[in-house]
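Asks: Let's see this in three dimensions:
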Amino acid sequence: MQKKNNPPFSILNSPFSIIKVENLTKRFGTFAAVDRITFSVGKGEIFGFLGANGAGKTTAIRMLCGLSKPTSGEGFVAGYNIEKQSEMVKKNIGYMSQKFSLYEDLKVWENIRLFAGIYGLDGKLISRKTDETLKKIGLMNEKNTLVKELPLGWKQKLAFSVAIFHEPKIVFLDEPTGGVDPITRRQFWEMIYEAAEKGITIFVTTHYMDEAEYCNRVSIMVDGRIDALDTPKQLKAQFQVESMDEVFRQLARNAKRVEN
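Replies: Numbers count the residues shown, from 1 in each chain. Here you go, the predicted structure:
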């Protein structure tokens, strides 16, 4: 897929930042899973949050989603304190992971209604938007199909549509394209661009370094710290390489731990 000409972001300490994190830390005993990370993300930005397994990405995301309290430091998501206002954070975000985002033993439409109901949407609105969503992603004929019977690529497109069904300010995507074919990955990223153009901030982790090229900015975590953060173009220039894969490899060589 050809990368779009998205403008670079320079938004640290900007009033337009929708995610603000300062010295955010999570310790388990003496082990710092996340070690004093500081960054901000702008409204409508596609922000890549990268790192090898064990770098601390999942722990950081759990804090940003209000699911885990930080040991120290501070974070705001959609204007809400992630520690003191975690329930408000949850109401203003969407979340999708590769491992679990849908209920396999429910039908396609039942999954949509379930999650929309959890987010407090009105019944009539849910009915209207369900059909609109299914038509848009080409699953109208599969409305009554059990999710477990869908191909993986269809599941992932449905899961993303469910994650943004309530029009959240931010959607967290944890390796959303893992295991899907290149064509479906391209279609998925078209959906991401469309959501971002509507003002939804995309916070995405991926192991595909070509996908990092599609992000406005990218951070790379190593051993709980953010060791690099900039646009893909600037990172490649900084490390004097031709691809984000080479940037990632240079930083990953410094990792000393292998699991969160």
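
Asks: ranges for the helices of the stretch 1-150 of the chain?
Replies: In the stretch 1-150 of the chain, the helices defined using DSSP state H, counting those that start in this stretch lie at 57-64, 86-91, 108-118, 123-136.

Asks: and V41, which of those is closest to it?
Replies: helix 57-64 (9.6 Å; CB to CB). Any C-beta I mention is one placed from the backbone N, CA and C, and that applies to glycine too.

Asks: by contact count, what packs against that closest one?
Replies: Contact here means 3 or more CB pairs under 8 Å, 6 or more residues apart in numbering; DSSP states H and E; on that basis helix 57-64 packs against strand 17-28, strand 31-42, strand 46-51, strand 72-77, strand 170-174, strand 201-205.

Asks: Looking at the ones you listed, which is nearest to R128?
Replies: Nearest to R128 among these is strand 170-174 (21.1 Å), distances taken as CB to CB.

Asks: angle of that closest one against strand 31-42?
Replies: If you take axes from the mean of the first three to the mean of the last three CA atoms, to 10 degrees, strand 170-174 sits at 140 degrees to strand 31-42.

Asks: which secondary structure elements does strand 170-174 contact?
Replies: Packed against strand 170-174 by the contact rule (3+ CB pairs under 8 Å, 6+ apart) you find helix 57-64, strand 93-97, helix 152-163, strand 201-205.

Asks: taking the mean pLDDT, what do you get for it?
Replies: For strand 170-174, the mean per-residue pLDDT is 95.

Asks: Just give the strands next to it in its sheet, each with its orientation.
Replies: Here strand 170-174 has these sheet partners by DSSP bridges: strand 93-97 (parallel), strand 201-205 (parallel).

Asks: winner for burial among those strands?
Replies: For these, the largest average neighbour count (mean count of other CB atoms under 10 Å) is found in strand 201-205, namely a mean of 24.

Asks: contacts for it?
Replies: 18-19, 41-51, 57, 61, 64, 169-176, 192, 195-196, 211, 215 (CB atoms under 8 Å, 6 or more residues apart in numbering).

Asks: and with 6 Å instead?
Replies: Residues outside strand 201-205 that contact it (CB atoms under 6 Å, 6 or more residues apart in numbering): 18, 41, 43, 45-49, 57, 170, 172-175, 192, 196.

Asks: And for stretch 160-178?
Replies: Outside stretch 160-178, the residues within contact range by CB under 6 Å, 6+ apart are 61, 78, 92-98, 112, 115-116, 119, 121, 133, 137, 185, 188, 191, 195, 200-201, 203-206.

Asks: Of all the residues in that stretch, which ones are buried?
Replies: Judged by neighbour count using 16 or more other CB atoms under 10 Å, the buried positions of stretch 160-178 are 160-166, 168-178.

Asks: Quick one, grab the pLDDT at N5.
Replies: Looking at N5, its pLDDT reads 53.

Asks: and the helices and strands packed on helix 57-64 as TSV, adding distance to L235?
Replies: Shown next, in TSV, are the helices and strands packed on helix 57-64 (distance: least, CB to CB, whole Å):
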stretch	distance to L235
strand 17-28	19
strand 31-42	14
strand 46-51	10
strand 72-77	24
strand 170-174	20
strand 201-205	16
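
Asks: To A228, which of the strands paired with strand 170-174 lies closest?
Replies: Between A228 and the strands paired with strand 170-174, the shortest separation by CB to CB is 15.0 Å, and it involves strand 201-205.
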